[in-house]
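Undergrad: This is the structure alone, sequence omitted:
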């Protein structure tokens, strides 16, 4: 050993090659999956970068105990290999990154369901890929050798690694957020792309989210049912569908007058649709908006979502079998409320298990489970389809075949060359959203249903639309019209039209907030109960125009709610001069 040590610290200096082999070995288990994710365009660079950084942590024990390099590397390597096999296999099957949602699926599935998944997705090439993955890991392990440093320098180097990779980022995030808990949560997000931390972090967050969700479900179960509920459709077969979009600003839809053909399929269906063109959302964020959209809460009574039934509970009380099909992330701390809404349904289908939203996830995935729900033999069905819509990052929301808008034709002159790719990708995402929503309508119509389908977006998005063309995304403290103007439309089957008043020509221009959707939905579905307020129903003869309030209702003392009707929403973009 002494001879090995002397050769390792010879005149040639420090054994950087040996250190490089050690790093490559530990990086391999996280890096290979992150590299595939990056090269396939499934997600961005951040996961690859963090896996690279986190892999250095394993160099610390190698420098502290060089005489046991092979043994320690083998023990650590087996753990990393097992975790990497799970994450790599998940990527092979779903083209998604392993996440907390996957842990949820694992623990919520039974052996029979697991067998069905294996049967459906197993392919022989995966066995070869796993064998190759393992073989490369073993080969790298055979190249490992001890890297010796004087004891003091080894201790200093190991400490520097731990401080640089763990200590400094944790302190930095804690200082930035102002709390140790918040800082630790941010730090977890940084280490999550690397194995085995992705498993440990996902499991811890799964338990935390499950406990929070269970508390919400327990509270919901204690909410009294609606009083004196009556259903004019009682005992009659009916299928009602609610499609919730994401981040789609109606000003970018040709259905609403936008010059680019971003909604060609819905345009063809326009004569069959009731298209309401003066509807806004109360909040520009999904969770906050849907707390009102799916309950009796609104800007003036924001806590009613805790005290009254949700839309799903209302439909269950009316005797409908309920379904929730979502392409949104669910099992995350941020989306606990969405998961709670979905868990109130009789059946749930969770399609998006990505670790973050900046990953390719196409809404076309909802079509198959939607068709399956339509085919269910239950005579009365209520189906919620929650889309990922046109959520950032827009280039991940549509397949290459929908990369339609690539030039300046139809783009306002104020949009810069740097902004143009983002502007175009948003329009492409709107066009793909048009394909998905129109496909849902067409698939629904094929079943010859007795019912209706209603589509709205949770909120809008400003993609260089507002004056100045400098705003991207959503910011409640600096509201612009595109953040709040949403599409709102309904399609009804011939059977439903024959037995219901479906003439809304006089209602299409009414100023309306989606926070009152539950009243409109009850009216459309033929439900009545004591809590129903017909003046808040967009399609009722008793409709009463109200101020269209937006803003955070819990910060009224710091920032008053805004009456959106006093703002001047930007009109549809005028056709731009086309450069030849």
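TA: Alright, I've got the coordinates. Just so you know, these numbers come straight off a predicted model, no measurement behind them.
Undergrad: tell me how far the ends of stretch 287-307 are from each other?
TA: Using CA to CA, to the nearest Å, the end-to-end distance of stretch 287-307 comes out at 17 Å.
Undergrad: Just the buried residues of it, please?
TA: Neighbour-count burial for stretch 287-307, counted by 16 or more other CB atoms under 10 Å, picks out 288-299, 302, 304-305. Backbone N, C-alpha and C define where each C-beta goes, glycine included.
Undergrad: One more: stretch 311-324?
TA: 311, 312, 313, 314, 315, 316, 318, 320, 321, 322, 323, 324.
Undergrad: what's in contact with that stretch?
TA: 220, 223, 225-226, 229, 231, 234, 238, 240, 242, 294-295, 309, 341-342, 344-349, 373, 376, 378, 380-384, 386, 517-518, 521-522, 525, 527 (CB atoms under 8 Å, 6 or more residues apart in numbering).
Undergrad: Would you check that residue 373 makes contact with residue 367?
TA: No: assessed by CB atoms under 8 Å, residue 373 is found out of contact with residue 367, at 10.9 Å.
Undergrad: who has more neighbours, those two?
TA: Taking neighbours as other CB atoms under 10 Å, residue 373 and residue 367 compare with residue 373 leading, 24 against 17.
Undergrad: how much space is there between the more buried one and residue 556?
TA: Distance from residue 373 to residue 556, counting by CB to CB, to the nearest Å: 41 Å.
Undergrad: Repeat that for residue 520.
TA: 26 Å.
Undergrad: who's more crowded, those two?
TA: When residue 520 and residue 556 are compared for neighbours, residue 520 comes out ahead with 25 against 12, by other CB under 10 Å.
Undergrad: which SS state does that one fall under?
TA: Three-state call for residue 520 (DSSP: H, G, I helix; E, B strand; the rest coil): helix.
Undergrad: related to what we said a few turns ago, going through the contacts of stretch 311-324, which ones are buried?
TA: 220, 226, 229, 231, 238, 240, 242, 294-295, 309, 341-342, 344-345, 347-349, 373, 380-384, 386, 517-518, 521-522, 525, 527.
Undergrad: Pull the contacting residues for residue 310.
TA: Residue 310 sits in contact with 220, 294, 295, 341, 344, where contact means CB under 8 Å, 6+ apart.
Undergrad: now, which of the residues you listed sits nearest residue 72?
TA: residue 341 (47.4 Å; CB to CB).
Undergrad: Could you pull out the buried residues of the helix or strand harbouring residue 34?
TA: Applying DSSP states H and E as the criterion places residue 34 in helix 16-39. Neighbour-count burial for helix 16-39, counted by 16+ other CB under 10 Å, picks out 18-19, 21-23, 25-38.
Undergrad: Strands along the stretch 351-500 of the chain, start to end?
TA: 380-386, 452-457, 462-463, 472-473, 488-492 (DSSP state E, counting those that start in this stretch).
Undergrad: Now do the first one: everything it contacts.
TA: It refers to strand 380-386. Contacts of strand 380-386 (CB under 8 Å, 6+ apart): 233, 236-244, 246, 312, 315-316, 318-328, 338, 342, 345, 366, 370, 373-374, 440.
Undergrad: Could you rerun that using 6 Å?
TA: Residues outside strand 380-386 that contact it (CB atoms under 6 Å, 6 or more residues apart in numbering) are 238-244, 315, 319-326, 328, 366, 370, 373.
Undergrad: same deal with stretch 463-481?
TA: 284, 414, 415, 419, 423, 426, 462, 482, 483, 569, 570.
Undergrad: Just the mean pLDDT for that stretch, thanks.
TA: Here stretch 463-481 scores 91 as its mean pLDDT.
Undergrad: Over to stretch 67-83?
TA: 94.
Undergrad: ok, now stretch 266-277?
TA: pLDDT averaged over stretch 266-277 gives 97.
Undergrad: can you start the count at 10 instead of 1 from here on
TA: All right, first residue 10 from here; so that's stretch 275-286.
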